[in-house]
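Trainee: Just need the structure, nothing else, for what follows:
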Amino acid sequence: MEKDKNKRKLRICVATCNRADYSKLAPIMFGIKEQSDGFDLKVVVLGSHLIDDYGNTYRMIEQDDFDINTRLHTIVRGEDEAAMVESVGLALVKLPDVLNRLQPDVMIVHGDRFDALAVATSAALMNIRILHIEGGEVSGTIDDSIRHAITKLAHYHVCCTRSAEQHLIAMCEEHDRILLSGCPSYDKLLTAHSKDYMGILQTWMCEDVKSREYIVALQHPVTTNIKHSVNMFEFTLDALITFGKCTLILFPNIDAGSKEMVRVMRKKGIEKNPNFHAVKHIPFEQFIQLVAHAGLMIGNSSCGVREAGAFGTPVINLGTRQTGRETGENVLHVRNADSQTKILQALQLQFGKLYPCSKIYGDGNAVPRILKFLKSIDINEPLQKKFCFPPVKECSSQDIDHILEIQSALAVDLGGTNLRVAIIDMKGEIMKKYVQANPKTYKERIELILKMCTEAAAESVNLNCRILGVGVSTGGRVNPGEGVVLHATKLIQEWESVDLRTPISDALHLPVWLDNDGNCAALAEKKFGHGKGVECFVVIITGTGIGGGIIHNNELIHGSMYCAAELGHIMVSLDGPECTCGSKGCIEAYASGVALQREAKRLHDEDLLMIDGMSKSGGAVSAIDLVCAAKLGNVEAQKVLKTASCALGVGIVNILHTVNPALVVLSGVLAAHYEDGVKEVIAQRALPSARAVEVVVSGLAEPALLGAASMVLDYATRRTY
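Mentor: Now for the predicted structure:
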């Protein structure tokens, strides 16, 4: 008893750098303060806590009645990569004096911030024991490198999940120095949902806002690709503006690129937009209530993949910043968030959904476990870390059964003649394809689609493929947001106002995307073909009809009534031949397969089609007969093809003068026959500024299927449960 009475208190120094890490450290600090008979708490505040632009968040530490022993101004302004390095250097210069004065037994650092790395480095070099909170996690950016570096400096580890614990063990850390406690913030947030929240909503939003009817947005820069981060943030704001829901948006953290993101907010007028409420900081207890009652959280904050899961709040995680973390089923990842359309579709999919609550990151009892762990630290034991290296075998071999699954899409192409389903991987390789005649009735068609998709999904297991979702390409006018075929071509009967998404999704339990065949061809070129890396281009499909798609500023143009890019119905003559749409003089009336077949029949009836060397085909005369005749020198057939090429070229000139693309891709069976004629017309008739456009023939054999697959591969990701 006398020995316990004379035992001195364990001096614990907690270093907090920003609002995010304080939300995790504060519960521990309260616990240490409550047990003042065994602990002596010292608090060091540094980093963005002390900057006005980020809310001077050190004040919330004071409001929580903690004595701040040291304030260290360590941030070098500039918000670029060099400024981050200089900030670490400045902290390393200032910290030794502080640590010499405070003489802590244990230094507690959290997470993966560059400020925390400076604290851990200083403590390690000054022989101070380090307790690292939330080590072993994987998020997918430079934060991983910093977090793992702190792990190697730390002597003790507090982790939140079983996977994180296993990662620490795999990193050769001693098992008895690892505590699986859960996340400290869960000790507070698991009781937050039951508290009165309307006052908080009205304080930070507006008086008439209701639960589940608003969005919380929090997006930070990714320091390994700042330009992409800023572009992605701009797409996010555009999508939120279009979506039109009341949105609470927080300013980004202090990482390199944050200033550029703030400039984007101001350029878009976010702070003056009545639908947006922009704030620099919200106290954690209030913020978590706002997240708990939101209809959606969007961005790339760890809060979205960690804390939001405790309430089942729908989350859209953008980019790669958190994709390595464990998540509940409430999180939808949009890894390649390179357009407003993708983010908008994710908003439409996720907003207002109800998901089961997840306790992956904690059960609300982390702090008692951590305090008990702190008490077990023997400051008299040797300080030098030991690493538990696994035995290394002299010879190792691979097991063929452990090949990684191939992430793939199920692509469906509904053509006028055939119904095709294919399994397509991330590189655009068709792993397997199924073809059946397209039934004439709605009921038979739906039944066959579900049957073929179900069989393909089952076969994907044997092919070692993981199906991420289903993409459908169909003729006609399509509402991709609702997954509904609004109006079909004459070639597909009983195909109007058809909800395709629901039956396929219900049968396969997979997300489903839908668009028309022209748009899918454009998406295929964007991901796998000539359009890869091109911001603005047009695809023209030359087949039975004429169709296409337009990519402008990396986005597919659908139009207000989903009939944009009906390129076949651009009029090139006021009194030309009648088109299938009921008008006259459309490109399709001149250059489609149907138009060429009509002209082939006319020449055949006038006995002007067949020439020496040309074999007679059995059955009706087709467009192929006309092309063959032209190749063999038939002047009349050549005239028809020249007229068709000219009509297509004039239509393309109109497109060049309207959307000014950098590239025109001719796709379909007739593309190669029209290429030279189209280039000639552009050279003669286009404005000088538009003549530099590149015209190429598509190299994709299956544009409709590849485009359908690209919708899945670009928008869908595998969730981690």
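
Trainee: The helix or strand bottoming out on mean pLDDT in the chain: what's the following helix or strand?
Mentor: When each helix and strand of the chain is scored by mean pLDDT, DSSP states H and E, helix 2-6 comes last, with a mean of 48. The element immediately downstream of helix 2-6 (helix or strand, assigned by DSSP states H and E) is strand 10-16.

Trainee: so where is the protein shaky, pLDDT-wise?
Mentor: Along the chain, the parts satisfying pLDDT under 70 run over 1-7, 79, 140, 191-195, 392-404, 612-619, 716-721.

Trainee: change it to 50
Mentor: When residues are selected by pLDDT under 50, those of the chain lie in 1-5, 395-403, 717-721.

Trainee: Could you check how far the residue nearest to the spatial centre of it is from residue 205?
Mentor: Among the residues of the chain, the smallest C-alpha distance to the mean C-alpha position (CA atoms, centre = their mean) belongs to residue 334, namely 1.6 Å. Residue 334 sits 25 Å away from residue 205 when distances are taken as CB to CB, to the nearest Å. The way it works is simple: take the backbone N, C-alpha and C, and place the C-beta from them, glycine included.

Trainee: ok, which stretches of the stretch 501-650 of the chain are strands?
Mentor: Per DSSP state E, counting those that start in this stretch, the stretch 501-650 of the chain has strands spanning 512-516, 537-542, 546-552, 555-556. These are given in chain order.

Trainee: thinking again about what came up before, what is the residue nearest to the centre of the chain paired to in the beta sheet?
Mentor: Using DSSP bridges, the beta-bridge partners of residue 334 come out as residue 318.

Trainee: That one touches residue 315, doesn't it?
Mentor: No - counting by CB atoms under 8 Å, no contact exists between residue 334 and residue 315, whose distance comes to 10.8 Å.

Trainee: just to revisit the earlier point, highest mean neighbour count out of the strands of the stretch 501-650 of the chain?
Mentor: Across the strands of the stretch 501-650 of the chain, the average number of neighbours (mean count of other CB atoms under 10 Å) peaks for strand 537-542, which reaches a mean of 29.

Trainee: can you pull the contacts of the closest residue to residue 72 other than its chain neighbours?
Mentor: In space, not counting the residues next to it along the chain, residue 72 is nearest to residue 46; the distance is 4.0 Å by CB to CB, 6 or more residues apart in numbering. Applying CB atoms under 8 Å, 6 or more residues apart in numbering, we find residue 46 in contact with 15-17, 71-74, 91, 115, 119.

Trainee: List just the nearest of these to residue 287.
Mentor: Residue 287 has its nearest neighbour among those in residue 16, at 16.3 Å by CB to CB.

Trainee: Might one say that residue 212 is in contact with residue 292?
Mentor: No - under the criterion of CB under 8 Å, residue 212 is not in contact with residue 292, lying 10.3 Å apart.

Trainee: So between those two, which is more surrounded?
Mentor: Counting neighbours by other CB atoms under 10 Å for residue 212 and for residue 292 shows that residue 292 has the greater number, 23 against 14.

Trainee: Please identify the nearest residue in space to that one, excluding sequence neighbours.
Mentor: Leaving out its chain neighbours, residue 292 is closest to residue 311 (CB to CB, 6+ apart), at 4.2 Å.

Trainee: ok, back up a step: now distance to residue 526 too, for the strands of the stretch 501-650 of the chain, in CSV please.
Mentor: Formatted as CSV, the strands of the stretch 501-650 of the chain follow (distance: least, CB to CB, whole Å):
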stretch, distance to residue 526
strand 512-516, 12
strand 537-542, 8
strand 546-552, 6
strand 555-556, 8
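
Trainee: right, and the ones you listed - which one's nearest residue 631?
Mentor: Of all the strands of the stretch 501-650 of the chain, strand 537-542 sits nearest to residue 631, with 16.7 Å by CB to CB.

Trainee: ok, now which ones touch residue 330?
Mentor: Residue 330 sits in contact with 308-309, 312-315, 353, 355, 358, where contact means CB under 8 Å, 6+ apart.

Trainee: Please pick the buried ones from those.
Mentor: The neighbour count (16 or more other CB atoms under 10 Å) marks 308-309, 312-315, 355, 358 as buried among these.

Trainee: any chance of those in CSV, plus distance to residue 144 and secondary structure?
Mentor: Putting the buried ones among the contacts of residue 330 into CSV (distance: CB to CB, whole Å; DSSP: H, G, I helix; E, B strand; the rest coil) gives the following:
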residue, distance to residue 144, secondary structure
308, 21, helix
309, 20, helix
312, 27, coil
313, 25, coil
314, 26, coil
315, 20, strand
355, 27, coil
358, 22, coil
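
Trainee: Out of those, the closest to residue 280 would be?
Mentor: Nearest to residue 280 among the buried ones among the contacts of residue 330 is residue 308, at 20.5 Å by CB to CB.

Trainee: mind listing what the closest one touches?
Mentor: Residues counted as contacts of residue 308 (CB under 8 Å, 6+ apart) are 291, 297, 315, 330-331.

Trainee: at 10 Å instead, please
Mentor: Contacts for residue 308 (CB atoms under 10 Å, 6 or more residues apart in numbering) come out as 189, 216, 288, 291-292, 294, 296-297, 301-302, 314-315, 317, 327-328, 330-331, 355, 358.

Trainee: Out of the residues you listed, list just those in helices.
Mentor: With helices defined by DSSP state H, the entries of those inside them are 189, 288, 291-292, 302.

Trainee: Just the buried subset of those residues, please.
Mentor: Among the ones in helices among the contacts of residue 308, those scoring as buried are 189, 288, 291-292, 302 (criterion: 16+ other CB under 10 Å).

Trainee: Can you name the two of the residues you listed that sit furthest apart?
Mentor: So for these, where distance means CB to CB, the most widely separated pair is 292 and 302, at 16.3 Å.

Trainee: just to revisit the earlier point, joint contacts of residue 334 and residue 315?
Mentor: When contacts are counted by CB under 10 Å, 6+ apart, residue 334 and residue 315 have 298, 350 as shared neighbours.

Trainee: Quickly find the element holding residue 473.
Mentor: With elements taken from DSSP H and E, the one containing residue 473 is strand 465-474.
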